[in-house]
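1. below is the structure, and that's it, no one-letter string:
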Ligand code: IMP
């Protein structure tokens, strides 16, 4: 069993952290391969809640390597904050490794993100304002500053100077901000470098060693397929590629090293920020999903938009990611909603039936969803631990989803706690740690 990729199958916030945490039990290494602290995952362990933005979910296991891969954009201030908090709670963080090639989020990236959104006004994307887009833009423009640059003050200063120059114009309103001063910034980031140095490594090499030794490596994506820069609902997307194909690039392993792709989808759908969402509900059912599902962003606290499960989009995500297994989370949130609806096709504004996720932005923006109705279940399912425990209507719902999407459902979340899951069929036989 070589690399196993875990990706979001919707617009992010699918509960990947919990799935990763469960699968990580039997893996030796967990690697984050893209995104930054725009992501947030919550893990509940023995009644304790842990929220992470950058650190891979596997950190709660003392015996595993947890890697921040080269594809991640890293805000060192945020990472150090997370490390301090984990240490305070007596979590051993010695298994953390940070790719020397990961790009750094600088103060001007955060300012540019905010300024860019303000400039767009009504057309804004609704970014998390964490500097993600501007940082990836600098990476592509070859103006980026990488983790390895933190280890040499002279190089760091030169690179900051070169990167700052083209930003001056756009950042004119912030000109006097001390955090934009070359000297202050160099000092601040050099200090971060001193603290992070013990964790900085050639992480691709570490992945190869683990894979060559026959160990299981989990490659953990952030955000979700429909927020993918190339394949999502552009321009209402993030600036990286959350799809499985990007795991190779963002961790430094070959496609042949990947044996399984797990997708994670909620039993309904949510989206934060602007952009098309054909199954969105603005009625009481949507409100119920929001409240029962505690649909508030881990990173920004924003209310998430809620809607029915979109099987047109899910089938697209299954094919695009080469998904081999699906985990459905938060099925418990649907208890008491009757009937349940799932989108099985779209209708274009011109009246055409669309069986496939439209590639053209204008068509998607004008599309409305058409539904199949399925019977709901009224019983609370939080105590179900096997497929047979689930009400027949819940099983029917899952069977319909799996059949339509064309992928087996292997895991179902029935509540927020780690134990509140139902493994469908055999539990995956990952190599024992
Ligand atoms: P950015 O990634 O901060 O640039 O934001 C771009 C879009 O992606 C916005 O609509 C955000 O709300 C969305 N987004 C970014 N990260 C996440 C996430 O982890 N979960 C859900 N949405 C996200």
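-> In hand now; what should we look at? Given the structure is predicted, the values throughout are model-derived calculations rather than measurements.
2. which residues of the stretch 1-150 of the chain lie near the ligand?
-> Residues of the stretch 1-150 of the chain lying close to the ligand (C-beta under 6 Å from any ligand atom) are 11-13, 38-40, 125-128, 130, 132-133. No exception for glycine: its C-beta is placed from N, CA and C like everyone else's.
3. try it again at 8 Å.
-> Contacts of the stretch 1-150 of the chain with the ligand, taken as C-beta under 8 Å from any ligand atom, map to 8, 11-13, 35-36, 38-40, 113, 125-130, 132-133.
4. show me where the chain has helices.
-> Secondary structure of the chain by DSSP state H: the helices cover 16-24, 76-88, 107-120, 132-140, 153-164, 182-196, 203-212, 245-251, 284-292, 311-321, 361-366, 392-405.
5. just the buried residues of the residues of the stretch 1-150 of the chain next to the ligand.
-> Buried by 16 or more other C-beta atoms under 10 Å: 8, 11-13, 35-36, 38-40, 113, 125, 127-130, 132-133, out of those.
6. on that earlier part again, mean pLDDT and distance to residue 373 added to the helices of the chain, as JSON lines?
-> Converted to JSON lines, those look like this (pLDDT from 0 to 100; distance: least, C-beta to C-beta, whole Å):
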{"stretch": "helix 16-24", "mean pLDDT": "93", "distance to residue 373": "28"}
{"stretch": "helix 76-88", "mean pLDDT": "96", "distance to residue 373": "44"}
{"stretch": "helix 107-120", "mean pLDDT": "94", "distance to residue 373": "39"}
{"stretch": "helix 132-140", "mean pLDDT": "98", "distance to residue 373": "39"}
{"stretch": "helix 153-164", "mean pLDDT": "96", "distance to residue 373": "54"}
{"stretch": "helix 182-196", "mean pLDDT": "96", "distance to residue 373": "53"}
{"stretch": "helix 203-212", "mean pLDDT": "97", "distance to residue 373": "46"}
{"stretch": "helix 245-251", "mean pLDDT": "98", "distance to residue 373": "35"}
{"stretch": "helix 284-292", "mean pLDDT": "97", "distance to residue 373": "13"}
{"stretch": "helix 311-321", "mean pLDDT": "98", "distance to residue 373": "13"}
{"stretch": "helix 361-366", "mean pLDDT": "94", "distance to residue 373": "24"}
{"stretch": "helix 392-405", "mean pLDDT": "98", "distance to residue 373": "11"}
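7. where do the strands sit along the stretch 1-150 of the chain?
-> Taking DSSP state E, counting those that start in this stretch, the strands of the stretch 1-150 of the chain run over residues 3-8, 29-32, 41-45, 48-52, 65-68, 73-74, 96-99, 103-104.
8. skipping adjacent residues, who's closest to the closest residue to the ligand within the chain in space?
-> Closest to the ligand within the chain is residue 273: 2.3 Å, counting by C-beta to the nearest ligand atom. Distances taken as C-beta to C-beta, 6 or more residues apart in numbering place residue 126 nearest to residue 273, at 3.0 Å, with adjacent residues excluded.
9. find the residue at the geometric middle of the protein.
-> In the chain, the centroid-proximal residue (C-alpha atoms, centre = their mean) is residue 222; its distance is 2.0 Å.
10. tell me which helix or strand in the protein has the weakest average pLDDT.
-> For the chain, using mean pLDDT, DSSP states H and E, the weakest element among its helices and strands is strand 41-45, scoring a mean of 80.
11. buried stuff in stretch 314-326?
-> Going by neighbour count (16+ other C-beta under 10 Å), the buried part of stretch 314-326 is 314-318, 320-326.
12. and it, how far out from the chain's middle?
-> 16 Å (C-alpha atoms, centre = their mean, to the nearest Å).
13. what of stretch 364-376?
-> 25 Å.
14. for stretch 308-315, same thing?
-> Centre to centre, stretch against its chain (C-alpha atoms, centre = their mean), the figure for stretch 308-315 is 18 Å.
15. what sits up against it?
-> 9-10, 226, 265-269, 278-279, 281, 340-346, 354-357, 369, 371, 401, 404-406 (C-beta atoms under 8 Å, 6 or more residues apart in numbering).
16. surely the residue nearest to the centre of the chain touches residue 31?
-> No. Using C-beta atoms under 8 Å, residue 222 is not in contact with residue 31; the gap is 11.7 Å.
17. just give the nearest non-adjacent residue to residue 246, would you?
-> residue 34 (5.6 Å).
18. any chance of the buried residues of stretch 314-326 in JSON lines, plus distance to residue 290?
-> Listed next are the buried residues of stretch 314-326 as JSON lines, based on distance: C-beta to C-beta, whole Å:
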{"residue": "314", "distance to residue 290": "20"}
{"residue": "315", "distance to residue 290": "25"}
{"residue": "316", "distance to residue 290": "25"}
{"residue": "317", "distance to residue 290": "23"}
{"residue": "318", "distance to residue 290": "26"}
{"residue": "320", "distance to residue 290": "28"}
{"residue": "321", "distance to residue 290": "27"}
{"residue": "322", "distance to residue 290": "32"}
{"residue": "323", "distance to residue 290": "27"}
{"residue": "324", "distance to residue 290": "32"}
{"residue": "325", "distance to residue 290": "28"}
{"residue": "326", "distance to residue 290": "24"}
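19. out of those, which is nearest to residue 254?
-> The nearest member of the buried residues of stretch 314-326 to residue 254, counting by C-beta to C-beta, is residue 322 at 14.6 Å.
20. my guess is that closest one contacts residue 262, does it?
-> No. The pair residue 322 and residue 262 does not pass the contact test of C-beta under 8 Å, sitting 11.0 Å apart.
21. ok so, going back, the residue nearest to residue 246: neighbour count?
-> 30 (other C-beta atoms under 10 Å).
22. in contact with residue 89, which residues?
-> Residue 89 neighbours (C-beta under 8 Å, 6+ apart): 48, 50.
23. could you check how far it is from residue 186?
-> Distance of residue 89 to residue 186, given as C-beta to C-beta, to the nearest Å: 32 Å.
24. also residue 215?
-> Counting by C-beta to C-beta - residue 215 and residue 186 are separated by 39 Å.
25. ditto for residue 366
-> For residue 366, the distance to residue 186 equals 50 Å [C-beta to C-beta].
26. do the same with residue 310
-> Residue 310 is 47 Å from residue 186, by C-beta to C-beta.
27. how about the residues of the stretch 301-433 of the chain near the ligand?
-> Counting by C-beta under 8 Å from any ligand atom, the stretch 301-433 of the chain comes close to the ligand at 302, 304.
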